[in-house]
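Undergrad: need coordinates for the following:
(2 chains)
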Number of protein chains: 2
Amino acid sequence: MAPQLDGYFAEVDKLSTHFINRLAKAVAIPSVSSDAARRPDVVRMGEFLAAELRALGASVEMRPLGKQPDKPELDLPPVVLARYGSDKSKRTILVYGHYDVQPAEKSDGWATEPFDLTVGDDGRMFGRGSTDDKGPVLGWLNAIEAHQRAGVDFPVNLLMCFEGMEEYGSEGLDELIEKEGKGYFADADAVCISDNYWLGTEKPCLTYGLRGCNYYSVEISGPGADLHSGVFGGTAQEPMTDLVRVLGSLVDTDGRILIPGIDEQVAPVTAEEEGLYEGISFTMDTLYESLGATTTIHDDKKRTLMARWRFPSLSVHGVEGAFSAPGAKTVIPAKVIGKFSIRTVPDMEIERTNEAVYKYVKEVFAKLGSKNTLKVYPQHTGKWWVASPNHWNFRAAGKAVERVWGVKPDMTREGGSIPVTLTFEQATGKNVLLLPMGSSTDGAHSINEKLDKRNYIEGIKLLGAYLHYVAEEAQE
Amino acid sequence: MAPQLDGYFAEVDKLSTHFINRLAKAVAIPSVSSDAARRPDVVRMGEFLAAELRALGASVEMRPLGKQPDKPELDLPPVVLARYGSDKSKRTILVYGHYDVQPAEKSDGWATEPFDLTVGDDGRMFGRGSTDDKGPVLGWLNAIEAHQRAGVDFPVNLLMCFEGMEEYGSEGLDELIEKEGKGYFADADAVCISDNYWLGTEKPCLTYGLRGCNYYSVEISGPGADLHSGVFGGTAQEPMTDLVRVLGSLVDTDGRILIPGIDEQVAPVTAEEEGLYEGISFTMDTLYESLGATTTIHDDKKRTLMARWRFPSLSVHGVEGAFSAPGAKTVIPAKVIGKFSIRTVPDMEIERTNEAVYKYVKEVFAKLGSKNTLKVYPQHTGKWWVASPNHWNFRAAGKAVERVWGVKPDMTREGGSIPVTLTFEQATGKNVLLLPMGSSTDGAHSINEKLDKRNYIEGIKLLGAYLHYVAEEAQE
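TA: Presented below is the predicted three-dimensional model:
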């Protein structure tokens, strides 16, 4: 039978001003992880969370992660590990979020003070971290508080893992998760991460897949130092001449990857999958709007979504070592490093993809007949992730969406990667669900980041309802 | 008959310590024109020159050039215009040099303090500006002084034009030269510029040709803002994908320009020219050394010199707007600007070359079938320059080289451009000679810039001797 959630929902509505004030307090702490000068604020934000959690009766541990590798004088902010409830008759759900934020300055073009949560008449709540990821993180705390105040039994044991370095590469986190998989997280029955976004602005979604990312450098060098193109132009073989030819051979304008051995690894589209895309709440107009242009590869929704979710893509990001400033400089760069990455999908293998890239790049370069020197190597690689959307974890979330929003959620994948997802899956061996709170127009890393009040308050209801359906699913 | 130069030469030798001290005083003034904070030092250097010139009996005018266009709060340093002698029975020679220098910090890797002239036991005199261009500029002053002290009549009237912005684009100079062509410079019979270098380290040269330079931007844009390659990879046509294909179509590894309509404009090699290259003091080993590698296009001297001097070349300099830092960033740049330039030679025309570039780039882009937007435009263009090496100005310089160095000079051209050369030629209508003092290993814009004591002292003799042969040539 469906859980009795009315009392909880009513309490969330009653506490909405209190919850928005809690978000305002969090946004006011400028916990910018990439800025060494802001590190005390990041730590203060972790302590704020810990204090709020303790006040709600959770047990909290602040886990140090040691020094920051690229700035050894700097302590990494602690991971906040917390547990609320330890009833062995209940399911245990492990949730993840992050309490650090992207940089923000009013002068970047913000319409409001970025660290002063500003709620407009239309319900848009502007502030750095509002949607990424302080709103969702506080969502779990708010859900606990609303249960307590409504006198509704909390349906599960909740394990929480909130980090403070997500916007700067989650330094140190993987090791902690791997270690605690059979430790602090040992009794987790499933994992829920709320750190992504709806596909559009109107329809909630559950996310069950992410592409991986292999990032490559192609380094071509020749002369001992940068040269003057007047003196040496015409006499030296120029590394940049070779590099643009190599980079130009990787992918065409319509995104077709020209490296043999990539497409063959991609899992074929199944008949079941074919039918999946039409129902999804997404239009090309949404894409045009977020793109700020109509320069898309495909003109239809289905092929566009497949290209984003289930096919690999290759992007050329730039060149290190060449002239990159405005103006004119007549330099022949001595060493140039082209950067490109491949977004990977099932069933691509990292090693096999690497080998295909190395082989092809070397072949293209060999054909140039150049005396310059080529190196090709990965900067980082990361596997794709696909979960089973039929798992009880997803079923519970689906029912919660229907109860709160009155619609079945879209089942989506994402083109980007959230590496911690795979880490949690591998460390716990449990199903991982991505359950977003914000919408596609929230502008997570941009100026004027916002979270709609509706998404925040209904999102708090959603997180609570999800836990109730988890408990119910577990009893079935 | 050959001029009597022995007294003058002996005086130069006698005054050599004095002349080195004068160079040390000049080097000690850090007249870095690109650094706004150093502008008072640049002005101080101009005033130092003016004071020295006045002490020698020259009349001096400090010509203001107004405000610096890109920094309107900053006055441009004055041009030092000076005249020594106004005997209507003598030839008048206009000389040009610059008293500003490139930036230099000890921490860049200098072995000595860059603004402290350090004379080694081997005669190498290290210091910023020693060879570029304070040594040659002081060469003219020293020549005047040695004549006075030796009691030798100065053979010509000398007009001097010394600027303080050469290392930052010679802002304002062209207008002054054009204006004074029929004014301050009206009675100039020929022009001599000492601001370039020998081809090697042992044999002096006279330079009679320079390549021009047309610098182009290829701008490709699509999305409204930079995109995340996870979210948009595979759905958007990426400007960088198109740009590397366009840049990859311009030139091949062996320097062949693939743009139709360029090669056709190049003046054919004449039989006379064919014989010219073998005698020139230049070896592939010299090139390998200055290149720091053996990655040359040609393996023989003749084709290498022709490729540097008398054939066009195309270099790809870099990309603006793409990711250019170390590390990995998964960005799809929204707008990227590729930069490349073509070194031009007789009989190429700027407009015809521009049209060929535009047409070809647009054709290559059209073939990509991209929805992105292309723009191609020049950042700057500049004509090649070739003088007649048979003019009395060159004959006089050639005799002076033979007298001082005991060898016939190599007649050379250069691959780079010295735009002021063409400006002087056009403004005065007179023959322009490039008469270098320093050698190829002086490292004009590098750390450890130096001028060999031998090149400085014999160079002073050379400048004086040149003026005597000018006077003699004029009488013939």
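Undergrad: any idea what residue A:376 is bridged to?
TA: Bridge pairing for residue A:376 (DSSP bridges) gives the partners residue A:218.
Undergrad: what's the local residue count around it?
TA: Close neighbours of residue A:376, defined as other CB atoms under 10 Å in any protein chain shown, add up to 19. Where C-beta positions appear, they are placed from N, C-alpha and C, glycine not excepted.
Undergrad: quick one: it from chain B, how far?
TA: Remark: distance between residue A:376 and chain B (CB to the nearest CB, to the nearest Å) = 14 Å.
Undergrad: how about the contacts made by that residue?
TA: With contact set as CB atoms under 8 Å, 6 or more residues apart in numbering or on different chains, residue A:376 has these partners: A:216-219, A:357-358, A:361-362.
Undergrad: that one and residue A:384, how far apart?
TA: 22 Å (CB to CB, to the nearest Å).
Undergrad: same question for residue A:421.
TA: 10 Å.
Undergrad: wait, what's in contact with the closest residue in space to residue A:221 that isn't next to it in sequence?
TA: Computed as CB to CB, 6 or more residues apart in numbering or on different chains, the closest residue to residue A:221 that is not its neighbour in sequence is residue A:335, at 3.9 Å. With contact taken as CB under 8 Å, 6+ apart, residue A:335 is in contact with A:219-222, A:239, A:321.
Undergrad: switch the cut-off to 10 Å
TA: A:219-226, A:239-240, A:243, A:320-322, A:372-373, A:375 (CB atoms under 10 Å, 6 or more residues apart in numbering or on different chains).
Undergrad: show the contacting residues for the residue in the stretch 301-450 of chain A positioned nearest to chain B.
TA: The stretch 301-450 of chain A approaches chain B most closely through residue A:416 (2.5 Å), counting by CB to the nearest CB. By CB under 10 Å, 6+ apart, the contact set of residue A:416 is A:196, A:210-211, A:213, A:308, A:343, B:228-233, B:330.
Undergrad: go again with 8 Å.
TA: By CB under 8 Å, 6+ apart, the contact list for residue A:416 reads A:210-211, A:213, A:343, B:228, B:230-231, B:330.
Undergrad: what does residue A:8 give?
TA: Contacts of residue A:8 (CB under 8 Å, 6+ apart): A:146-147, A:150, A:152, A:461, A:464-465, A:468.
Undergrad: part of a strand, is it?
TA: No: under DSSP: H, G, I helix; E, B strand; the rest coil, residue A:8 falls outside any strand and is assigned helix.
Undergrad: for the most centrally placed residue in chain A, phi and psi?
TA: Of all residues in chain A, the one closest to the mean position by CA atoms, centre = their mean is residue A:418, 4.1 Å from it. Backbone geometry at residue A:418, expressed as degrees, to the nearest 10, gives phi -130, psi 90.
Undergrad: and for it, nearest residue in space, chain neighbours not counted?
TA: Leaving aside its chain neighbours, residue A:418 sits nearest to residue A:210 (5.7 Å; criterion: CB to CB, 6+ apart).
Undergrad: partners of that neighbour in the sheet?
TA: residue A:385, residue A:414.
Undergrad: what sits against it?
TA: The contact partners of residue A:210, taken as CB under 8 Å, 6+ apart, are A:384-386, A:413-414, A:416-418, A:421-422, A:434.
Undergrad: may I see the buried residues of stretch A:450-463?
TA: A:450-453, A:455-463 (16 or more other CB atoms under 10 Å in any protein chain shown).
Undergrad: export those as JSON lines, with columns for secondary structure, distance to chain B and pLDDT.
TA: Formatted as JSON lines, these follow (DSSP: H, G, I helix; E, B strand; the rest coil; distance: CB to the nearest CB, whole Å; pLDDT from 0 to 100):
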{"residue": "A:450", "secondary structure": "strand", "distance to chain B": "17", "pLDDT": "97"}
{"residue": "A:451", "secondary structure": "strand", "distance to chain B": "19", "pLDDT": "98"}
{"residue": "A:452", "secondary structure": "strand", "distance to chain B": "20", "pLDDT": "97"}
{"residue": "A:453", "secondary structure": "helix", "distance to chain B": "25", "pLDDT": "98"}
{"residue": "A:455", "secondary structure": "helix", "distance to chain B": "19", "pLDDT": "98"}
{"residue": "A:456", "secondary structure": "helix", "distance to chain B": "23", "pLDDT": "98"}
{"residue": "A:457", "secondary structure": "helix", "distance to chain B": "27", "pLDDT": "98"}
{"residue": "A:458", "secondary structure": "helix", "distance to chain B": "24", "pLDDT": "98"}
{"residue": "A:459", "secondary structure": "helix", "distance to chain B": "21", "pLDDT": "98"}
{"residue": "A:460", "secondary structure": "helix", "distance to chain B": "26", "pLDDT": "98"}
{"residue": "A:461", "secondary structure": "helix", "distance to chain B": "28", "pLDDT": "98"}
{"residue": "A:462", "secondary structure": "helix", "distance to chain B": "23", "pLDDT": "98"}
{"residue": "A:463", "secondary structure": "helix", "distance to chain B": "24", "pLDDT": "98"}
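Undergrad: how many neighbours does whichever residue of the stretch 101-250 of chain A sits closest to chain B have?
TA: Taking CB to the nearest CB, chain B has its nearest neighbour within the stretch 101-250 of chain A at residue A:224, 1.9 Å off. For residue A:224, the neighbour count with other CB under 10 Å is 15.
Undergrad: who are the contact partners of it?
TA: So residue A:224 contacts A:334, B:291-293 (CB under 8 Å, 6+ apart).
Undergrad: of these, buried ones?
TA: Neighbour-count burial (16+ other CB under 10 Å) applied to these gives A:334, B:291, B:293.
Undergrad: possible to save those residues as a markdown table with distance to residue A:446, secondary structure and pLDDT?
TA: Formatted as a markdown table, these follow (distance: CB to CB, whole Å; DSSP: H, G, I helix; E, B strand; the rest coil; pLDDT from 0 to 100):
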| residue | distance to residue A:446 | secondary structure | pLDDT |
| --- | --- | --- | --- |
| A:334 | 37 | coil | 95 |
| B:291 | 46 | helix | 90 |
| B:293 | 44 | coil | 95 |
